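Colleague: The following block contains a protein sequence and its predicted model.
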Amino acid sequence: MASDPVSVRKAMKTYWDKWATYNTESGTSFEMMLLETQSRYEYAKRLSDLDRKEIVSLLPDMKNMEVLELGAGIGRFTGKLARRSKSVLATDFMEKFIHDNQELNGRKHSNVTFAQLDASKIPYPSESFDFVFSNWLLMYLGDSEVRQFAVDSLRILRDGGYLFFRESCFHTSGRIVRVDNPSMYRSIKEYQNVFSSVSHTAEDGTTYCYDFVFGGNCQTYIILKNNPSQVYWMWRKKKVVNENGTPKLVEIQRSLDDRLYSDDRMSVYENVIGDGFVTPGGLRAAKNLLSRLTFTPQTVMLDVGCGLGGTLAYMAKEHAQVDITGLELSPNAVQASILLMNQLKSNKGQVCVSDLAQTNLPDGCFDIIFVKDTIGYLGNQTSLLLNFQKWLKPRGQLLVGDYCLGNSPLTDSVAKVLTAEGIQPLDSLALSQVFHDSGYNPISCENLSAECVQFITEDLHKLEVAQNVSDMTKLVFKTIWETLLQGLETGQLQWTVLVATKPSE
């Protein structure tokens with residue numbers, strides 16, 4: 001498909017002119033908007049209702065907000081937005097859809113107005129809205145139009161305002177086979193790169209950018225369609241305050257992608273460790289830890305720092321009845337996780353993209369929280385453990401496995417590698433005390449350094465003969481792993497697993 005804006009707009013207009021005349025057996029447009037076949041009205045309605053409920057549950061308190069809905073279509077979300085907000089301006093570039101939306105929502109909601117608008121050119125004045133919402137819109141814009149959309153939406157938002165959008169990534173969402181389909185199924189990284197890099201300077205000289213709030217993939221599509229590639233993002237307009245012009249959370253995400261999930265490192269994860277894992281031992285090490293937990297067909301599990309999705313994929317294949325969710329901050333890692341789950345076509349394995357310190361999950365919703373090779377990268381373990389306890393059900397299990405300080409002092413070489421890798425080894429006795437002080441009981445603590453030594457040694461041998469890994473990358477990992485091996489073998493480090501239980505209420 002041509003990429004110039006004029007050709008893109010022409011192709012999209014032709015496409016939607018055709019779909020605007022799509023007749024369904026039920027006489028409604030649910031099937032058309034969800035790309036379902038004509039005979040599947042009941043399924044399409046159920047899918048629409050559950051999907052809409054999930055999306056709306058992700059939105060913030062909007063009661064005093066003026067909302068711009070772009071690509072509103074027939075109004076699947078317009079009424080929901082109207083009930084939650086001060087006002088809604090619902091727009092679409094198809095006249096027929098605006099008419100259908102008015103018929104559906106115009107009489108019910110006096111705080112909704114309607115306008116025909118091409119979202120590739122947003123004409124509204126700066127700082128006109130508190131919230132911009134779109135659902136399945138950007139895949140109908142060209143690359144340059146998506147970047148312009150990002151700039152325009154940033155400009156028209158007030159300081160602190162939100163942008164929410166949801167898109168089909170990698171592939172289509174529906175069952176209908178379309179011969180002439182101009183939709184652009186971008187990757188997660190493509191959207192992330194655009195919205196994390198745009199800025200706008202106001203007339204008073206203040207520069208604004210988007211800070212990442214949270215994201216993830218839609219559980220409804222995972223459960224009903226085995227499709228993990230329906231992805232949403234929440235961004236917030238903020239003033240640029242640091243020297244490099246990058247919001248703090250976006251800066252952390254970029255650091256993770258550049259340091260832990262760069263292309264060079266991914267080559268080692270894929271060709272040496274494998275199975276969606278990033279630390280020596282991979283699946284073998286994960287299974288060793290999982291064997292210490294008790295699962296039932298009703299288990300609901302959270303994998304904190306899920307990385308490339310190895311544990312998610314293993315649980316989906318071997319414990320299909322377990323409902324598992326992954327939590328990760330790196331966009332590169334999240335993309336890899338979702339692509340891995342795409343291959344499995346499983347109805348499990350939702351991935352949430354969020355800063356753990358700012359994550360708000362419902363109290364008492366998990367039976368197991370699994371934290372492997374993650375807590376050493378994070379600060380304030382007491383606060384994290386208290387959050388984990390809130391999220392666990394009574395008698396819920398928490399497993400934390402990570403590097404801890406050994407009995408011998410760290411040498412300069414070991415300390416240098418730990419610092420470079422961002423690993424902050426914990427004091428196992430102090431961590432056990434934090435578990436106790438946080439109310440966990442009972443608590444078990446095991447030293448698994450011998451197993452860790454074996455895993456590193458085996459993966460060092462694999463690294464030597466690995467294909468598709470550059471010599472420089474091999475040298476980097478050889479240095480890291482041999483230094484960690486030295487630390488474990490000399491007692492400077494130990495690899496510790498703690499398993500604790502939340503008391504019954």
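Modeller: Received the coordinates, thanks. Numbers count the residues shown, from 1 in each chain.

Colleague: Tell me where the model's unsure across the protein.
Modeller: Applying pLDDT under 70 to the predicted model, the residue ranges of the chain that meet it are 1-3, 22-40, 174-179, 242-245, 379.

Colleague: After the longest strand belonging to it, which helix or strand is next?
Modeller: When the chain is parsed with DSSP state E, its longest strand is strand 392-405. Sequence-wise, the next helix or strand beyond strand 392-405 is helix 412-421, with elements assigned using DSSP states H and E.

Colleague: Show me what that following helix is packed up against.
Modeller: Taking 3 or more CB pairs under 8 Å, 6 or more residues apart in numbering; DSSP states H and E as contact, the helices and strands that helix 412-421 lies on are helix 471-489. Backbone N, C-alpha and C define where each C-beta goes, glycine included.

Colleague: residues of the helix it packs on that come out buried?
Modeller: Judged by neighbour count (16 or more other CB atoms under 10 Å), helix 471-489 contains these buried residues: T473, K474, F477, I480, W481, T483, L484, L485, G487, L488.

Colleague: can you check stretch 274-284 too?
Modeller: Along stretch 274-284, the positions that meet the burial threshold by neighbour count (16+ other CB under 10 Å) are D275, G276, F277, V278, T279, P280, G281, G282, L283, R284.

Colleague: ok, which stretches of the stretch 51-200 of the chain are strands?
Modeller: For the stretch 51-200 of the chain, the strands defined by DSSP state E, counting those that start in this stretch occupy 66-70, 87-92, 112-116, 129-135, 157-168, 199-201.

Colleague: Hmm, I typed the wrong one, I wanted the stretch 251-400 of the chain.
Modeller: 300-304, 323-328, 350-353, 366-372, 392-405.

Colleague: got the end-to-end distance for stretch 373-389?
Modeller: Looking at stretch 373-389, the gap from its leading to its trailing residue is 19 Å under the measure CA to CA, to the nearest Å.

Colleague: now stretch 382-399
Modeller: End to end - CA to CA - stretch 382-399 spans 15 Å.

Colleague: chain center to it: distance?
Modeller: With CA atoms, centre = their mean, to the nearest Å as the basis, the distance from the averaged C-alpha position of stretch 382-399 to the chain average is 21 Å.

Colleague: Could you do stretch 165-175 as well?
Modeller: Taking CA atoms, centre = their mean, the mean C-alpha location of stretch 165-175 is offset from the chain mean by 15 Å.

Colleague: just stretch 203-216 next, same as before
Modeller: The gap between the average C-alpha position of stretch 203-216 and the chain average comes to 19 Å, counting by CA atoms, centre = their mean.

Colleague: now do stretch 319-333
Modeller: When distances are taken as CA atoms, centre = their mean, stretch 319-333 is centred 9 Å away from the chain's centroid.

Colleague: what about that stretch, how long is it end to end?
Modeller: Taking CA to CA, stretch 319-333 runs 23 Å from one end to the other.

Colleague: Buried residues of that stretch, list them for me.
Modeller: Judged by neighbour count using 16+ other CB under 10 Å, the buried positions of stretch 319-333 are 319, 322-333.

Colleague: now do stretch 333-348
Modeller: The neighbour-count criterion (16+ other CB under 10 Å) identifies 333-342, 344, 346-348 as the buried residues of stretch 333-348.

Colleague: These in helices, which ones?
Modeller: Here DSSP state H is the test, and those give A333, V334, Q335, A336, S337, I338, L339, L340, M341, N342, L344 as lying in helices.

Colleague: The third one and S470: what is the separation?
Modeller: Computed as CB to CB, to the nearest Å, the Q335 to S470 distance reads 22 Å.

Colleague: Alpha carbons only: can I get stretch 234-249 in CSV?
Modeller: Included here for stretch 234-249 are C-alpha records, laid out as CSV according to Å, rounded to 0.1, in the frame of the first residue of the first chain:
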residue,chain,number,x,y,z
MET,A,234,-2.6,5.2,28.4
TRP,A,235,-0.5,8.4,28.2
ARG,A,236,-0.5,11.6,30.1
LYS,A,237,0.5,15.1,29.0
LYS,A,238,3.3,16.5,31.2
LYS,A,239,5.6,19.5,31.2
VAL,A,240,9.2,18.7,30.3
VAL,A,241,11.3,19.3,33.4
ASN,A,242,14.5,17.3,33.0
GLU,A,243,17.5,18.2,30.8
ASN,A,244,17.0,15.6,28.1
GLY,A,245,13.3,16.3,27.8
THR,A,246,12.2,12.7,28.6
PRO,A,247,9.6,11.9,31.3
LYS,A,248,10.9,9.7,34.1
LEU,A,249,8.9,6.5,33.3
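
Colleague: Buried residues of that stretch, list them for me.
Modeller: Within stretch 234-249, the residues that qualify as buried are M234, W235, R236, K237, K238, V240, T246, P247, L249, counting by 16+ other CB under 10 Å.

Colleague: contacts for that stretch?
Modeller: Contacts with stretch 234-249, where a contact means CB atoms under 8 Å, 6 or more residues apart in numbering, come from 58, 154, 157-164, 195-196, 199, 206-215, 251, 254, 355.

Colleague: Buried members of those into ChimeraX, please.
Modeller: The following ChimeraX selection, which keeps only the buried ones among the contacts of stretch 234-249, applies the criterion 16+ other CB under 10 Å:
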select :154,157,161,162,163,164,195,196,208,209,210,211,212,213,214,215,251,254,355
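
Colleague: Apart from its neighbours in sequence, what residue is nearest L448?
Modeller: W495 (5.0 Å; CB to CB, 6 or more residues apart in numbering).

Colleague: Neighbouring strands of the one helix or strand the one you found maps to in the sheet, and parallel or not?
Modeller: With elements taken from DSSP H and E, the one containing W495 is strand 493-501. Partner strands for strand 493-501, per DSSP bridges, with pairing direction: strand 392-405 (antiparallel), strand 443-447 (antiparallel).

Colleague: between the first one and strand 366-372, how many degrees?
Modeller: Inter-element angle recorded for strand 392-405 and strand 366-372: 10 degrees (by axes from the mean of the first three to the mean of the last three CA atoms, to 10 degrees).

Colleague: Could you do the shortest one as well?
Modeller: Compare the direction of strand 443-447 with that of strand 366-372 by the same axes, to 10 degrees and you get 20 degrees.

Colleague: Please save the CA atoms from strand 443-447 in PDB.
Modeller: In PDB, the C-alpha atoms belonging to strand 443-447 read as follows (Å, rounded to 0.1, in the frame of the first residue of the first chain):
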ATOM      1  CA  ILE A 443       8.200 -18.300  55.500                       C
ATOM      2  CA  SER A 444      10.800 -20.700  54.000                       C
ATOM      3  CA  CYS A 445      14.200 -19.600  52.800                       C
ATOM      4  CA  GLU A 446      16.400 -21.800  50.600                       C
ATOM      5  CA  ASN A 447      19.900 -21.300  49.200                       C
END
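
Colleague: which among the ones in helices among the buried residues of stretch 333-348 gets closest to S183?
Modeller: N342 (17.1 Å; CB to CB).

Colleague: What's the separation between that closest one and Y140?
Modeller: Per CB to CB, N342 is found 22 Å from Y140.

Colleague: can you put the buried residues of stretch 274-284 in TSV and add distance to N135?
Modeller: Listed next are those as TSV, based on distance: CB to CB, whole Å:
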residue	distance to N135
D275	34
G276	29
F277	34
V278	33
T279	37
P280	42
G281	41
G282	37
L283	37
R284	42
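
Colleague: which ones among those residues are found in helices?
Modeller: Cross-referencing these with the helices (criterion: DSSP H) gives G282, L283, R284 as the overlap.
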